[in-house]
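> can you look at this prediction? I've put the sequence above it.
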Amino acid sequence: MMQTGLGLMPRLGAMLMAVVVTLIPIASGAQQLAALRASDAMKYFDAICGGTLPNFENAPAALQQNGFQQYSTGTWYLPDQSVSIKIIEGPGMGRTCSFVANSTDGEAGIKAAVAASLPGIDQTAPGLALYPKTQALVQLNPQMGRMGDVTIFGLQMLSDRK
């Protein structure tokens, strides 16, 4: 991880922009979508973002197989649940899989569910981990916002850097 120290800040900036672009359709949607348990939301993150590494090339097929539909913005969403994913082309950064979900779990529950999928989270730097058995950097934003008892959280995964 130390080798990537110089390139880490631009990568984190790209990840932050990915969250904003992915979140817009959820925030602007008129219909109320069902929030998930964080552990259930992580299954989508693992299937789509983790399952289509190293470069998310097969993400559209995986998204369709998992019942996602696509907005005109390029963001994919589940019609009945508050989960969205967008594959973003970062200039000079490769692709980013940006994932945003509404969870009925609080911040502690979200962190626990993420840690179950990403055992190394927070060990190198707060909110950061490498996806298991890869060089794909993942960043967690455990509480992007709240709506009543629902917590919005996001994960961003940069394409594998082997």
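Nice, I can see it.
> for the helix or strand Gln64 falls within, which outside residues touch it?
Taking DSSP states H and E as the criterion, the element that holds Gln64 is helix 59-65. Surrounding helix 59-65, the residues in contact under the criterion Cβ atoms under 8 Å, 6 or more residues apart in numbering are 47-49, 51-52, 70, 76, 85, 87, 97. Quick note: C-beta positions are derived from backbone N, CA and C, even for glycine.
> which pair in those has the greatest spatial separation?
The most widely separated members of these, counting by Cβ to Cβ, are Gly51 and Gln70 (17.8 Å).
> residue ranges in this structure under the pLDDT threshold?
Of all residues in the chain, those with pLDDT under 70 make up the ranges 1-32, 91-92, 161-162.
> hey, where'd the helices end up in it?
5-28, 38-45, 59-65, 107-117 (DSSP state H).
> how about the helix holding Gln64: buried residues?
Applying a neighbour-count criterion of 16 or more other Cβ atoms under 10 Å, one finds 59, 62-63 buried in helix 59-65.
> contacting residues around the nearest residue to Cys49 once chain neighbours are set aside?
Nearest residue to Cys49, sequence neighbours excluded (Cβ to Cβ, 6 or more residues apart in numbering): Cys97, at 3.7 Å. For Cys97, the contacting residues are 48-49, 52, 56, 59, 85-87, 156-157, 159, taking Cβ under 8 Å, 6+ apart as the criterion.
> also Ser39?
113, 116.
> can I get the buried residues of helix 59-65 in CSV including distance to Ala35?
Below are the buried residues of helix 59-65 laid out as CSV (distance: Cβ to Cβ, whole Å):
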residue, distance to Ala35
Ala59, 23
Ala62, 22
Leu63, 20
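> who touches the residue lying closest to Asn58 once chain neighbours are set aside in this structure?
On the basis of Cβ to Cβ, 6+ apart, the spatially nearest residue to Asn58 that is not a chain neighbour turns out to be Thr52, at 4.6 Å. Remark: with contacts taken as Cβ under 8 Å, 6+ apart, Thr52 is in contact with 58-59, 62, 97.
> how about a cut-off of 10 Å?
Listed by Cβ atoms under 10 Å, 6 or more residues apart in numbering, the contact partners of Thr52 are 58-63, 87, 95, 97, 157, 159.
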